[in-house]
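**Q** Below are the sequence and a predicted model; questions follow.
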Amino acid sequence: MDCMDCHHKEEMHGDGTAYESMQEPGALKVSCTQAGCHKTEDLLPVVRPGKGKKSTPVEVNERALSFHQPHLATLDCSACHVQTVVACDSCHFDSEVVGKKRFYRQIPQSGFKFLMNKDGKVKTATYQALTWGSSDPNIDDVSFYVLEPFSGHTISDGTNVECVDCHVQIVPVKGKRGGKVIEGNAALASYLTNGTITANKWVPEEPPIIDTKNDDDPANDDVIWGRLLAPQGVIPVVPDWEEALQFDFVYWTKDPNATVVRDSTGANWNFLKSGADLTHMPYGEPLTEDQIDRLVNTKLKQ
């Protein structure tokens with residue numbers, strides 16, 4: 001597919017309105033169910049007049065219909081069909097001040113998607129983390145992140161989507177009176193158990209890890225002093241997200257004026273702190289308590 005199969009020319013050249021953000025209502029025209037693409041009536045079972053039985057629209061997968069029927073009214077298509085979003089992490093504001101756009105490992109984090117409310121539906125979202133700080137004891141360290149609706153272009157047909165990607169079920173443990181385990185979405189299970197969700201995590205390594213790259217040339221080995229692990233899987237933005245979402249932050253250890261290069265090892269970064277001093281959600285809202293409840297104890301079809 002080409003860009004213009006989904007996007008409108010007004011998104012590129014303007015529609016006469018000066019939007020403060022592409023998140024402003026009307027700024028983005030793209031829609032999976034816009035004319036000429038997927039029609040809503042083709043995504044739901046059809047009730048044949050006089051028979052009272054639901055049937056499958058022509059050339060529509062029955063499994064897809066079983067997912068669409070309970071979700072289409074409240075979930076944006078991205079919630080299930082976007083496989084992953086991306087994020088730049090711990091952008092080094094000290095470097096930004098001197099015109100050097102630098103973020104951790106200079107490789108976008110991926111393999112996750114947040115879910116939040118926007119325009120009456122649940123949509124995918126991502127984060128951007130920023131730090132102001134260094135090893136200089138005279139500089140006050142500040143950590144910050146922003147959450148915002150965001151849809152990646154990693155669209156799939158949904159055949160890899162399972163209920164347990166988002167939902168959890170509480171299962172009694174046989175032989176243990178009152179014993180239970182929570183199965184399904186790991187982030188939600190953590191929230192129900194501990195009241196927190198680990199978004200990303202700094203993992204120190206001592207001594208440094210040698211990444212052999214599966215060859216015999218030591219010159220190709222990387223010395224890794226630690227890793228800021230990216231978020232993983234589906235992460236619901238819970239009502240008390242500012243307290244529940246746990247973020248770690250790193251900082252650039254070298255001169256902010258240094259040339260920006262691809263730093264795949266993260267050797268020039270170090271742990272700054274856990275926890276955000278500042279947070280921001282300029283567009284969209286967290287999931288409600290009712291929405292969180294609907295993700296729990298659902299009868300899941302395997």
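**A** That came in fine, so what should we check first?

**Q** for stretch 291-302, what is the average pLDDT?
**A** For stretch 291-302, mean pLDDT is 73.

**Q** do the same with stretch 266-284
**A** pLDDT averaged over stretch 266-284 gives 93.

**Q** Please apply the same query to stretch 172-180.
**A** On average, stretch 172-180 scores 71.

**Q** continuing past the lowest-mean-pLDDT helix or strand in the chain, what's the next helix or strand?
**A** Within the chain, no helix or strand scores below strand 54-55, which has a mean of 64 by mean pLDDT, DSSP states H and E. Using DSSP states H and E, the helix or strand that follows strand 54-55 in sequence is helix 62-71.

**Q** Check for me that Met4 belongs to a strand.
**A** No: counting by DSSP: H, G, I helix; E, B strand; the rest coil, Met4 is not found in a strand; it is helix.

**Q** give me the number of residues near it?
**A** Other residues within reach of Met4, judged by other Cβ atoms under 10 Å, total 10. For the C-beta atoms, the positions are set from N, CA and C on the backbone; glycine is no exception.

**Q** now swap in Asp141 and tell me
**A** Neighbours of Asp141 (other Cβ under 10 Å): 16.

**Q** And the nearest residue to it once chain neighbours are set aside, how close does it get to Asp140?
**A** The shortest distance from Asp141 to any residue other than its chain neighbours is 3.2 Å, reached at Gly133 (Cβ to Cβ, 6 or more residues apart in numbering). Here Gly133 is placed at a distance of 7 Å from Asp140 (Cβ to Cβ, to the nearest Å).

**Q** do the same with Met116
**A** For Met116 relative to Asp140 (Cβ to Cβ), the value is 30 Å.

**Q** out of these two, which sits in the more crowded spot?
**A** Met116 (25 against 9).

**Q** Could you pull out the strands in the stretch 1-150 of the chain for me?
**A** 46-47, 54-55, 85-87, 91-92, 109-118, 121-132, 142-149 (DSSP state E, counting those that start in this stretch).

**Q** Let me see the mean pLDDT of the first one.
**A** It stands for strand 46-47. 70.

**Q** low pLDDT regions in the stretch 101-250 of the chain?
**A** 134-136, 175-178, 207, 211-216, 218-222 (pLDDT under 70).

**Q** If we use 90, what do you get?
**A** By pLDDT under 90, the weakly predicted segments of the stretch 101-250 of the chain are 105-107, 133-140, 157-159, 170-182, 204-226.

**Q** Which residue ranges of it form helices?
**A** Ranges of helices in the stretch 101-250 of the chain, per DSSP state H, counting those that start in this stretch, are 186-194, 241-244.

**Q** As TSV, the ones you listed with mean neighbour count and distance to Trp269 would be great.
**A** Listed next are those as TSV, based on neighbours: other Cβ atoms under 10 Å; distance: least, Cβ to Cβ, whole Å:
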stretch	mean neighbour count	distance to Trp269
helix 186-194	18	25
helix 241-244	16	25
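
**Q** For those, give me JSON lines that also has distance to Asp2.
**A** Below are the helices of the stretch 101-250 of the chain laid out as JSON lines (distance: least, Cβ to Cβ, whole Å):
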{"stretch": "helix 186-194", "distance to Asp2": "35"}
{"stretch": "helix 241-244", "distance to Asp2": "36"}
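
**Q** Out of the ones you listed, which gets nearest to Lys100?
**A** In terms of Cβ to Cβ, the element of the helices of the stretch 101-250 of the chain nearest to Lys100 is helix 241-244, at 29.7 Å.

**Q** Contacts for that closest one, please.
**A** Helix 241-244 has contacts (Cβ atoms under 8 Å, 6 or more residues apart in numbering) with Leu147, Tyr191, Gly195, Thr196, Ile197, Val238, Ala276, Thr279, Met281, Pro286.

**Q** do you know how far the closest residue to the last one other than its chain neighbours is from Asp76?
**A** This points to Pro286. Of all residues not flanking Pro286 in the chain, Val237 sits nearest, at 4.5 Å (Cβ to Cβ, 6+ apart). Using Cβ to Cβ, one gets 14 Å for the distance from Val237 to Asp76.

**Q** swap in Gly226?
**A** Taking Cβ to Cβ, one finds Gly226 at 36 Å from Asp76.
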